[in-house]
Structure formats: structure tokens, C-alpha cells
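Participant: Show me the folded form of this:
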Amino acid sequence: MARSKDVRITIALECQSCTQKETGSKSTGISRYTTRKNRRNTPTRLESEKYCSYCHKHTLHKESRK
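Facilitator: This next block holds a predicted model:
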């Protein structure tokens, strides 16, 4: 039986430069990565440098709200 408060959760990392560009002009898309984190070891929001296929460079990806 699974507990309701699992220690490891699945999160989505979202490109910050794509979300800022989105307002006003037509959006090409938002780069998202999925990963798992340990809720006990990392209670804060996760940030990581990842490759964005829409910006064509490495940008800051932050944990998105669900």
C-alpha cells in the first residue's frame, strides 16, 4: 500500500526565459523536463541549468507549480 505522503515526488522543471518571452508575442513553446526529488532532503524549489530546445541554449529551469 502506498502512503499518501510519499517521500519521492515527480516534479516538472520549466524554462524561465521561455515563460518570460511568452507574453505578448506568439509563443513557440515552453521547455519542460520531468524528474524526481526527495521531499525530505530538498524541501525548497529545485533549480537547474538545462538545455532549452526552443531557446537553443542552456537556461535556468525552475520547478513549476502544479
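Participant: Need the contact partners of the helix or strand hosting Leu13.
Facilitator: Leu13 belongs to strand 8-15 when elements are defined using DSSP states H and E. Strand 8-15 is touched from outside by 30-39, 46, 48, 50, 52, 54-55, 59-64, 66, with contacts defined as Cβ atoms under 8 Å, 6 or more residues apart in numbering. Every C-beta, even on glycine, is put in place using the N, C-alpha and C of the backbone.
Participant: go with 6 Å
Facilitator: 30-34, 36-39, 52, 59, 61, 63-64 (Cβ atoms under 6 Å, 6 or more residues apart in numbering).
Participant: Using PDB, write out the CA atom coordinates for it.
Facilitator: Taking Å, rounded to 0.1, in the frame of the first residue of the first chain, the C-alpha atoms of strand 8-15 are listed here in PDB:
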ATOM      1  CA  ARG A   8       9.900  10.900  -3.600                       C
ATOM      2  CA  ILE A   9       7.700  13.000  -5.800                       C
ATOM      3  CA  THR A  10       7.700  13.700  -9.500                       C
ATOM      4  CA  ILE A  11       8.200  17.400 -10.500                       C
ATOM      5  CA  ALA A  12       8.400  19.400 -13.700                       C
ATOM      6  CA  LEU A  13      11.200  21.800 -14.400                       C
ATOM      7  CA  GLU A  14      10.200  24.700 -16.700                       C
ATOM      8  CA  CYS A  15      12.400  27.100 -18.700                       C
END
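Participant: Sort out which residues of it are buried, please.
Facilitator: 11, 13-15 (16 or more other Cβ atoms under 10 Å).
Participant: Paired strands for the host helix or strand of Thr59, with orientation please.
Facilitator: If you go by DSSP H and E, Thr59 is part of strand 57-63. Its sheet considered, strand 57-63 pairs with strand 8-15 (antiparallel), strand 47-52 (antiparallel) by DSSP bridges.
Participant: and these as a markdown table, adding mean pLDDT?
Facilitator: A markdown table is the format used below for those (pLDDT from 0 to 100):
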| stretch | mean pLDDT |
| --- | --- |
| strand 8-15 | 93 |
| strand 47-52 | 94 |
